[in-house]
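>>> What shape does this take:
(chains A and B)
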Amino acid sequence: DGGITQSPKYLFRKEGQNVTLSCEQNLNHDAMYWYRQDPGQGLRLIYYSQIVNDFQKGDIAEGYSVSREKKESFPLTVTSAQKNPTAFYLCASRDRGRSIETQYFGPGTRLLVL
Amino acid sequence: AQSVTQPDIHITVSEGASLELRCNYSYGATPYLFWYVQSPGQGLQLLLKYFSGDTLVQGIKGFEAEFKRSQSSFNLRKPSVHWSDAAEYFCAVGEYGNKLVFGAGTILRVKS
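This is a model prediction of the structure:
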């Protein structure tokens, strides 16, 4: 079945450690997005990519990095510079040929700091 | 900058009762407006959207929403709530560059 997968479901980070969250889609979508969700704050955009080998910062990019080497993959690295990384992270993708709203979301990864 | 306000953090309704979740937006032009639903620990599912035309839009699961330009609102409604509707609901506005700006969400609890 087509869809978006995120792994792992739960991730634990030690102080000073970089961790990478995986996002894979087999929908043949060009655009991919990373959101951070905190209780009572909704979703905030971290990074997005409209096409392979290109990405833009969102509203809260500091302390995060991404790459887009393949169309189906958009991994997010939470670096040690991100001082408050505990959150629920959601990946989404969209077909650039369709209107904005058709972002399909993955099941999310919950990141916890030890 | 564009913004979305959902004034109610939590709402509790009895099963079978009607529901209205409020959403107000700030946007310079005609907005693209959306409602998403999220079950605990899950991703988001699109309920409905408004781009233009008829200001009353129908969505999935029996939900509807009405766009009121004069009030900058896009409230979500359902005539009869089911226990399975308990979830968190997010209103969002589409921004230039194909980004979505989300409200803080409203958690719906359903009493049996």
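
>>> contacts and neighbour counts: CA atoms only from here.
Fine.

>>> Can I get the biggest strand by length in chain B as CSV, trimmed to CA atoms?
Secondary structure of chain B per DSSP state E: the longest strand is strand B:87-95. The C-alpha trace of strand B:87-95 is given here as CSV (Å, rounded to 0.1, in the frame of the first residue of the first chain):
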residue,chain,number,x,y,z
ALA,B,87,-9.7,13.3,19.0
GLU,B,88,-7.8,16.6,18.5
TYR,B,89,-8.9,18.9,15.7
PHE,B,90,-6.7,21.4,14.0
CYS,B,91,-7.6,24.3,11.8
ALA,B,92,-5.0,25.5,9.3
VAL,B,93,-4.5,28.2,6.7
GLY,B,94,-2.5,27.7,3.5
GLU,B,95,0.3,30.2,3.1
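
>>> Give the rounded mean pLDDT of it.
Averaging pLDDT along strand B:87-95 yields 91.

>>> cool, stretch B:27-38 as well?
pLDDT averaged over stretch B:27-38 gives 86.

>>> List the contacts of residue B:79.
With contact set as Cα atoms under 8 Å, 6 or more residues apart in numbering or on different chains, residue B:79 has these partners: B:16, B:17, B:18, B:19.

>>> tell me the secondary structure for the second one?
Following DSSP: H, G, I helix; E, B strand; the rest coil, residue B:17 is assigned to coil.

>>> who in chain A is up against chain B?
Within reach of chain B by Cα under 8 Å from any Cα of the partner chain, chain A has these residues: A:40-44, A:90, A:100-101, A:104-108.

>>> Do you have the strands of chain B handy? List them.
Assigned by DSSP E, the strands in chain B fall at B:3-5, B:10-14, B:19-21, B:24-26, B:32-38, B:44-50, B:56-58, B:64-68, B:73-78, B:87-95, B:99-102, B:106-111.

>>> Chain neighbours aside, what residue packs nearest to whatever residue of chain B ends up closest to chain A?
Of all residues in chain B, residue B:104 sits closest to chain A, with a separation of 3.8 Å (Cα to the nearest Cα). Once flanking residues are discounted, residue B:104 sits nearest to residue A:42: 3.8 Å by Cα to Cα, 6 or more residues apart in numbering or on different chains.

>>> Kindly report the same for residue B:12.
residue B:109 (4.6 Å).

>>> With residue B:22 as the reference, measure out to that neighbour.
Separation of residue B:109 from residue B:22 (Cα to Cα, to the nearest Å): 15 Å.

>>> And residue B:12, by the same measure?
In terms of Cα to Cα, residue B:12 sits 14 Å off from residue B:22.

>>> and what of residue A:74?
Using Cα to Cα, we find residue A:74 at a distance of 34 Å from residue B:22.

>>> Using TSV, lay out the residues of chain A next to chain B together with secondary structure, neighbour count and distance to residue B:70.
Output for the residues of chain A next to chain B, formatted as TSV (DSSP: H, G, I helix; E, B strand; the rest coil; neighbours: other Cα atoms under 10 Å in any protein chain shown; distance: Cα to Cα, whole Å):
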residue	secondary structure	neighbour count	distance to residue B:70
A:40	coil	12	27
A:41	coil	12	26
A:42	strand	22	25
A:43	strand	23	26
A:44	strand	22	27
A:90	strand	26	33
A:100	coil	17	24
A:101	coil	23	23
A:104	strand	21	31
A:105	strand	25	32
A:106	coil	23	35
A:107	coil	21	36
A:108	coil	29	36
